[in-house]
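Colleague: Build me a structure from this.
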Amino acid sequence: MSTAPKRTRPPSSSSPASSEANAGVRATTSPFARREIRKNRRKERSDHTNRSETIGAGSTYADTAYGHTATQLRAAEAGLVGRSVYAANRLWRRVRRIAKRTLRWLGATVTGLGWSILAVTLIGFVVGYGFGWVEAVFLGFFGLVVLVIAACFMIGRSVYAVDLLMQSARVVVGEQAPGSLVVTNPTKRRLFPETIEVPVGEGLAEFSLPSLGAGGQFRGEFVVPTLRRSIITVGPVRSVRADPLLLLRRELVWTGGLSLFVHPLTTPIPSTNTGLIRDLEGNPTRDLTNSDVSFHALREYAPGDDRRHIHWKSTARTGQMMVRQFEQTRRSQLLLALSTSSADYYSEEEFELAVSVAGSIGIRAIRDGRDTAMAVSEIMPEYATNVTPAAQRLRVTSPSRLLDDLSGVAHHDRAIPLTQLSRVCANEITGISVAFLICGSVPTATQIRSASLAFDLDTEVVAIVCNPGIVPSIRRIDGLTVLTVGYLDDLKRSFAKSAAL
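Modeller: Numbering: from 1, shown residues only. Just a heads-up that it's a prediction; the model follows:
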């Protein structure tokens, strides 16, 4: 009688060392030997991981695949119990993943009223069957039916092609800012009616989207209110599907948001190259230098002077080396410092007038090609101590960029006042020839004078006090020019008057 050959289990590795190690694990009972075998396995696993990392983009996949393979091998070696544990672990992971998705969907879909109905339904079943109350059981079934009907409205998913358009991204306060919404059905089936919502700042524009056939299109028009200077976010467009009782509500976002810049009112003013702020480009200053274009005088030669500036006729006449000395010429630097501290303004109208004044002067300076810098007060932390005051610089590369930044400027209680703002600007910005300090009617003449002392003596400082409704005036206080304006048009007349002086 012939016996069938016994099937032997192949070794896990083709190397002799690995075969001896596996045989040692099954045969020996020495703790020292088992510890050595585990150490060798950890070393082999580490080497395999290092090799997988050299693959590049597939290193993560290789490590994960190796981990799953090792888990399966360990489960196979452990027998039926190990395989059962491995299967239970995989099942638990799938259940947990499904539970997370379900909870996420419930949190985003069920409204507050829906949770209330669900709670009433559960309480009705528990109390009704627990205490035998027929009314509570009826209430539970009623809530269950209502929830099932509401869930039927959530079945299916609509697909739209949505375009959100604004006629202009920049408008002035009070101008019309129309926008349009175009919704198209790109599918070959009819879509159910839904509600389309377009957030407009703090408001909301709603459109009742009718049932669209294949290729159908819906167009909606809306107007953004521009009563105040601000940066308004229009969008994103979202579709809303809900049941009649608003127990369930599902929102899908289709587009991104658009920014609408509502610019402050500005007025054209005369050129800044005349009047109070004459341009110094090409004109000499009181600073002397050894090399420039404006000749000043002759002086004796000193070691280190450039020999190209030696005046040979005077040298021959006097018998001593004489060199030319020049007056330094420079291009003027215009500074606009706008205080955004609430303590410097009596009302909201004063602050809006100050922003309009700053924008008008900044636009004129940019169009004249002047080196311009504009700074506003920085907001200080509420509970911070020993914090250095700072100023926020606005973009002055073009009038549009400047007005865009001014659209988002707002006054704050913790913003640094005018006196600190002037000191920060004088320390951080060099070469200032003309400085405009713009504030409200709260700062006194002494405070404005103190703010002007932060600049050099050769800097022309002009303070503009904004007080709506007051009679405009121009006055001088110890070398400081103070302009008081009651309306935006007063600024143009004040500049024109100063140019005639």
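
Colleague: Only C-alpha atoms from now on, for both contacts and neighbour counts.
Modeller: Noted.

Colleague: How much space separates Asp405 from Leu245?
Modeller: Using Cα to Cα, to the nearest Å, Asp405 is found at 45 Å from Leu245.

Colleague: Looking only at neighbour counts, state which of these two leads.
Modeller: Asp405 (18 against 12; other Cα atoms under 10 Å).

Colleague: Surely Thr195 is in contact with Arg249?
Modeller: No - using Cα atoms under 8 Å, Thr195 makes no contact with Arg249, being 10.9 Å away.

Colleague: where do the helices sit along the stretch 201-350 of the chain?
Modeller: Taking DSSP state H, counting those that start in this stretch, the helices of the stretch 201-350 of the chain run over residues 312-318, 348-367.

Colleague: who wins for proximity to Gly143 among those?
Modeller: For the helices of the stretch 201-350 of the chain, the distance to Gly143 is smallest for helix 348-367, at 52.5 Å, taking Cα to Cα.

Colleague: Against which helices or strands is that closest one packed?
Modeller: If you count contacts as 3 or more Cα pairs under 8 Å, 6 or more residues apart in numbering; DSSP states H and E, helix 348-367 packs onto strand 333-338, strand 371-377, helix 399-407, strand 434-439, strand 460-466, helix 488-500.

Colleague: Can you say which of these is nearest to Ser211?
Modeller: helix 399-407 (40.1 Å).

Colleague: State the mean pLDDT of that closest one.
Modeller: Averaging pLDDT along helix 399-407 yields 95.

Colleague: residues in contact with Phe455?
Modeller: Phe455 sits next to Ser422, Arg423, Ala426 when contact means Cα atoms under 8 Å, 6 or more residues apart in numbering.

Colleague: likewise Ser314?
Modeller: Met321, Met322.

Colleague: Any regions of the chain where pLDDT drops low?
Modeller: 1-82, 272-296, 326-332, 384, 497-501 (pLDDT under 70).

Colleague: now the helices and strands packed on helix 348-367 in JSON lines, with distance to Leu453?
Modeller: Shown next, in JSON lines, are the helices and strands packed on helix 348-367 (distance: least, Cα to Cα, whole Å):
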{"stretch": "strand 333-338", "distance to Leu453": "14"}
{"stretch": "strand 371-377", "distance to Leu453": "18"}
{"stretch": "helix 399-407", "distance to Leu453": "27"}
{"stretch": "strand 434-439", "distance to Leu453": "11"}
{"stretch": "strand 460-466", "distance to Leu453": "9"}
{"stretch": "helix 488-500", "distance to Leu453": "22"}
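
Colleague: closest one to Trp254 among these?
Modeller: helix 399-407 (26.8 Å).

Colleague: between the closest one and strand 371-377, how many degrees?
Modeller: 10 degrees (axes from the mean of the first three to the mean of the last three Cα atoms, to 10 degrees).

Colleague: which element follows helix 399-407 toward the C-terminus?
Modeller: Note on helix 399-407: by DSSP states H and E, the next helix or strand toward the C-terminus is helix 418-428.

Colleague: quick one: contacts of that following helix?
Modeller: Against helix 418-428 from outside (Cα under 8 Å, 6+ apart): 337-339, 341, 344, 375-377, 389-391, 432, 437, 439, 447-448, 450-452, 454-455.

Colleague: on that earlier part again, any chance you could list residues touching both of Thr195 and Arg249?
Modeller: In contact with both Thr195 and Arg249: Val240, Arg241, using Cα under 8 Å, 6+ apart.

Colleague: Neighbour count for the two, which is higher?
Modeller: When neighbours are counted by other Cα under 10 Å, Thr195 and Arg249 differ, and Arg249 comes out ahead with 20 against 15.

Colleague: Leaving aside the residues adjacent along the chain, what's closest to the more buried one?
Modeller: Take Arg249 and drop its neighbours on the chain: the residue closest to it by Cα to Cα, 6 or more residues apart in numbering is Ala242, 4.4 Å away.

Colleague: Quick check, the one you found in contact with Ile196.
Modeller: No - if you go by Cα under 8 Å, Ala242 and Ile196 don't touch, sitting 11.6 Å apart.

Colleague: How many residues are close by the nearest residue to Pro443 once chain neighbours are set aside?
Modeller: Spatially, and ignoring its direct neighbours in sequence, Pro443 is nearest to Asp344 (5.9 Å; Cα to Cα, 6+ apart). Neighbours of Asp344 under the rule other Cα under 10 Å: 22.

Colleague: ok, now Tyr160?
Modeller: Neighbourhood size, Tyr160 [other Cα under 10 Å]: 17.

Colleague: who's in contact with it?
Modeller: Val183, Thr184, Asn185, Pro186, Trp254.

Colleague: any idea how far Leu265 is from Phe222?
Modeller: Distance, Phe222 to Leu265, by Cα to Cα: 24 Å.

Colleague: Kindly list the longest helix within the protein.
Modeller: helix 80-109 (DSSP state H).

Colleague: Now the next helix or strand after it: buried residues?
Modeller: Sequence-wise, the next helix or strand downstream of helix 80-109 (DSSP H and E) is helix 112-131. Across helix 112-131, burial judged by 16 or more other Cα atoms under 10 Å covers Gly114, Ile117, Leu118, Val120, Thr121, Leu122, Ile123, Gly124, Phe125, Val126, Val127, Gly128.

Colleague: Tabulate the residues you listed (JSON lines), appending distance to Ala463.
Modeller: Formatted as JSON lines, these follow (distance: Cα to Cα, whole Å):
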{"residue": "Gly114", "distance to Ala463": "61"}
{"residue": "Ile117", "distance to Ala463": "65"}
{"residue": "Leu118", "distance to Ala463": "66"}
{"residue": "Val120", "distance to Ala463": "68"}
{"residue": "Thr121", "distance to Ala463": "70"}
{"residue": "Leu122", "distance to Ala463": "71"}
{"residue": "Ile123", "distance to Ala463": "71"}
{"residue": "Gly124", "distance to Ala463": "74"}
{"residue": "Phe125", "distance to Ala463": "76"}
{"residue": "Val126", "distance to Ala463": "76"}
{"residue": "Val127", "distance to Ala463": "77"}
{"residue": "Gly128", "distance to Ala463": "79"}
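
Colleague: Next, give me the two most distant ones among those residues.
Modeller: Gly114 and Gly128, at 20.7 Å, using Cα to Cα across those.
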